[in-house]
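Trainee: fold the following.
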Amino acid sequence: METKSKEERLARTIVADFFLYNPDKIDKGLTDDTFFEILKGELEDSISYFREKSSGEISLFWDTLFNRLMQREAKLIQQK
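Mentor: Residues are numbered from 1 along each chain as shown. Model (predicted):
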């Protein structure tokens, strides 16, 4: 159980850094529906890092990323 907790923290940390270093690209990708195209390299780097540091399921990373993206998209919609 402790290992899963560490892997969840790692996923949250990687996703937090992803959002910290790419806010404009994330917003543009969500607004223009080009998220996976313009952030392909950054996503690949984040996934590689998660896999390198964790033996956990990659779904932990994707679930964490998806949740943060939905929160960010909701904020973007409210700002319109």
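
Trainee: CA only for contacts and neighbour counts going forward, please
Mentor: Fine.

Trainee: hmm, who's touching stretch 26-46?
Mentor: 14-15, 18-19, 25, 72-73, 76 (Cα atoms under 8 Å, 6 or more residues apart in numbering).

Trainee: could you do stretch 62-77 as well?
Mentor: 11-12, 15, 27, 30-31.

Trainee: just to revisit the earlier point, so which of the contacts of stretch 26-46 wins on neighbours?
Mentor: Counting by other Cα atoms under 10 Å, Val15 has the largest number of neighbours within the contacts of stretch 26-46, with 22 neighbours.

Trainee: measure that one to Gln78 for me?
Mentor: Distance, Val15 to Gln78, by Cα to Cα, to the nearest Å: 22 Å.

Trainee: again, but for Glu52
Mentor: 37 Å.

Trainee: go on, Arg12?
Mentor: In terms of Cα to Cα, Arg12 sits 24 Å off from Gln78.

Trainee: do the same with Lys6
Mentor: 34 Å.
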